[in-house]
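can't give you the sequence, but here's the structure:
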């Protein structure tokens, strides 16, 4: 009886924890959207600067700046090139968080390259309960699968113990 109550408590805990993933994904997307807007504004300013000074593209301007004799100009060009790479990474993340399923969203947020962003989002995160059917179904299935995975060794042990103590019938040979 104690095991059944403990199983229900474990399942309820897993279900509530799984309910947080859709909410966290939404917070993460909102954080990335704000960061995307700021980064996109910086990239637009670089594009305008490249056009103003007669470069065919921002890439051409950055290539020219990387060839400059001043170390500070080369370092700034590298930083701006990294900003373009970061912008494409953010765009991909927003796309995943808007259109991916919850397992993709959780995987994206949990990747080590996104750990610092996840820490920032978790700093402002407050647990809540989503009310959309898809998030409740996701949470239920996830909690059920994890619960089965956690309890499977115990269930196998009980089954083996039951088979050992089962009376053996005389075999007919």
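Cool, the structure landed. In this text the structure is predicted, and so the values were computed from the model without any measurement.

who are the packing partners of the helix or strand of the chain with the lowest mean pLDDT?
Here the helix or strand of the chain ranked lowest by mean pLDDT, DSSP states H and E is helix 133-164, holding a mean of 86. Packing partners of helix 133-164 (3 or more Cβ pairs under 8 Å, 6 or more residues apart in numbering; DSSP states H and E): helix 2-52, helix 102-110. C-beta here means a position set from N, CA and C on the backbone, and glycine is covered the same way.

any idea which of these is most buried?
helix 102-110 (a mean of 16; mean count of other Cβ atoms under 10 Å).

what's next to that one, contact-wise?
21-22, 24-25, 28, 93, 96-97, 100, 114, 118, 121, 134-135, 138, 142 (Cβ atoms under 8 Å, 6 or more residues apart in numbering).

do that again at 6 Å, thanks
Outside helix 102-110, the residues that touch it by Cβ atoms under 6 Å, 6 or more residues apart in numbering are 21-22, 25, 28, 96-97, 118, 138.

helix or strand next in line after that helix, which one?
Once helix 102-110 ends, the next helix or strand along the chain (criterion: DSSP states H and E) is helix 115-123.

low-confidence stretches in this protein?
In the predicted model of the chain, residues 166-173 satisfy pLDDT under 70.

what about the residue nearest to the spatial centre of the chain, distance to residue 32?
With distances taken as Cα atoms, centre = their mean, residue 109 lies nearest the centre of the chain, 1.7 Å away. Using Cβ to Cβ, to the nearest Å, residue 109 is found at 10 Å from residue 32.

ditto for residue 92
For residue 92, the distance to residue 32 equals 10 Å [Cβ to Cβ].

and what of residue 20?
Where residue 32 is concerned, residue 20 sits at a distance of 18 Å (Cβ to Cβ).

for residue 75, same thing?
26 Å.

do the same with residue 103
If you measure residue 103 against residue 32 using Cβ to Cβ, the figure is 18 Å.

likewise residue 9?
The value you get for residue 9 to residue 32, if Cβ to Cβ is used, is 35 Å.

what does residue 138 give?
Residue 138 is 20 Å from residue 32, by Cβ to Cβ.

ok, now residue 85?
15 Å.

ditto for residue 79
Taking Cβ to Cβ, one finds residue 79 at 20 Å from residue 32.

what's the spacing between the nearest residue to residue 130 once chain neighbours are set aside and residue 58?
In space, and not counting its chain neighbours, residue 130 is closest to residue 22: 4.7 Å by Cβ to Cβ, 6 or more residues apart in numbering. Using Cβ to Cβ, residue 22 is found at 37 Å from residue 58.

can you check residue 127 too?
Taken as Cβ to Cβ, the span from residue 127 to residue 58 is 42 Å.
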